[in-house]
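Test case, fold it:
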Amino acid sequence: MKLPLLRSRSAGAVVGLAAALILSCAPVRAAQSYPEPAGADSAGFVPIFDGKTLTGWAADPKYWRIEDGMLVGFVTPETLLKANTFAIWRGGAPADFELKVEYRISAAGNSGINYRSVELPTPAFALKGYQCDIDGASRHTGNNYEERGRTFLAVRGQITRAMPDAKRAIIGRLGEKDALAALVKKGDWNQVHLIIRGNVFTHLVNGQVMSVVVDEDPAARRASGLIGVQVHVGPPMKVEYRNFLLKTLPVIAPAPTK
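Residues are numbered from 1 along each chain as shown. Below you'll find the model as predicted:
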């Protein structure tokens, strides 16, 4: 049986579903009660990138530039990376929030959007923390990956609990793998929408819920942190970002566990 795809405009709807799954502790197939995607709704969102300069951001100019209103990350044959590098937003360390951003990436590209992250002293412009995966082949886009940490917390199509001792439990399904992948436009613009509330982290791409993580490891999880976008180690590539919109939300307590 094919699973229905979950599309949502409401942070509360997604967080509420995850909380219900935790309390029941029963694997389920996706509910059908999700409203339509938000579309152009931007109430409460503020831009955090002016499209003209790197004001408010920090990045290595060897790998990042401003071009036609976009923040562009790139690697050439002459500038291959030895470690992942980030353009880091310096405007704060959000706790609970929503972030919307559009991206376009080359076929061989590998990138991601980090949040609730900490900057490392070395190498320069390195982040450790949660990441919404992005790649040109769309093998990983929408995953929740902890950079320099616990690695994959949820792959596309999963609702998971991340527990102490690096344990992870799948508690729900968001759709069929191929159907979810088909919603990501290769070589074209896509929108990522992150809904980060308490210890529930929801990744949407083009209005589709791709992954949900409930982080139940108090020793490993972070309650707030930096936002940044990544250029990954690998072959020459290019990734373009535009229209960064951030909405700060009231802080809520972590979802209860059972």
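
which residues touch Y130?
114-117, 144-147, 153, 201, 213, 222 (C-beta atoms under 8 Å, 6 or more residues apart in numbering). For every residue, glycine as well, the C-beta is placed using N, CA and C.

R116 now?
94-95, 129-130, 196, 222-226.

Got a PyMOL select line for the buried ones in the residues you listed?
Those of the contacts of R116 that count as buried under 16 or more other C-beta atoms under 10 Å are selected in PyMOL with:
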select buried, resi 94+95+129+130+196+222+224+225+226
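
Show me which of the contacts of R116 is closest to V46.
Distance to V46 across those (C-beta to C-beta) is lowest for P94, with 11.6 Å.

which stretches of this protein have low pLDDT?
1-42, 256-258 (pLDDT under 70).

mind listing the helices in it by residue range?
11-24, 177-181 (DSSP state H).

one step back: wait, which of the contacts of Y130 is closest to V46?
Nearest member of those to V46, counting by C-beta to C-beta, is Y115, at 16.0 Å.

From the contacts of R116, which land in strands?
129-130, 196, 226 (DSSP state E).

Need the max-distance pair from those residues.
I196 and L226 (12.7 Å).

Enumerate every residue touching the closest residue to D50 other than its chain neighbours.
The shortest distance from D50 to any non-neighbouring residue, by C-beta to C-beta, 6 or more residues apart in numbering, is to G56 (7.7 Å). Taking C-beta under 8 Å, 6+ apart as the criterion, G56 is in contact with 48-50, 89-91.

Of those, just the buried ones, PyMOL syntax please.
Buried subset of the contacts of G56, written as a PyMOL selection, criterion 16+ other C-beta under 10 Å:
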select buried, resi 48+49+89
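
Now list whatever residues contact both of I196 and L226.
With C-beta under 8 Å, 6+ apart as the test, I196 and L226 both reach 115-116.

Give me the contact list for the longest strand anywhere in the chain.
Counting by DSSP E, the longest strand found in the chain is strand 237-248. When contacts are defined by C-beta under 8 Å, 6+ apart, strand 237-248 is touched by residues 42, 44-49, 51, 67, 69-75, 89, 94, 96-106, 108-111, 134, 136, 227, 229, 231.

what about 7 Å?
42, 44-49, 51, 69-75, 94, 97-106, 108-111, 229, 231 (C-beta atoms under 7 Å, 6 or more residues apart in numbering).

Which ones among the residues you listed map onto strands?
46-47, 70-75, 97-105, 110-111, 229, 231.

so how far is Y63 from the residue sitting furthest away from the middle of the chain?
When each C-alpha in the chain is compared with the mean C-alpha position (C-alpha atoms, centre = their mean), E78 comes out farthest, at 29.2 Å. Distance from E78 to Y63, counting by C-beta to C-beta, to the nearest Å: 12 Å.

Then A83?
Counting by C-beta to C-beta, the gap from A83 to Y63 is 11 Å.

So for those two, which residue has more residues nearby?
The neighbour comparison of A83 against Y63 (other C-beta atoms under 10 Å) goes to Y63, with 19 against 13.

Which of the contacts of strand 237-248 are buried, as a ChimeraX select command?
Buried subset of the contacts of strand 237-248, written as a ChimeraX selection, criterion 16+ other C-beta under 10 Å:
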select :45,48,49,70,71,72,73,74,75,94,97,98,99,100,101,102,103,104,105,106,109,110,111,229,231
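
quick one: contacts for the closest residue to Q230 other than its chain neighbours?
Excluding its sequence neighbours, the residue lying closest to Q230 (C-beta to C-beta, 6+ apart) is G112, at 4.6 Å. Applying C-beta under 7 Å, 6+ apart to G112 gives the contacts 131-134, 145, 230.
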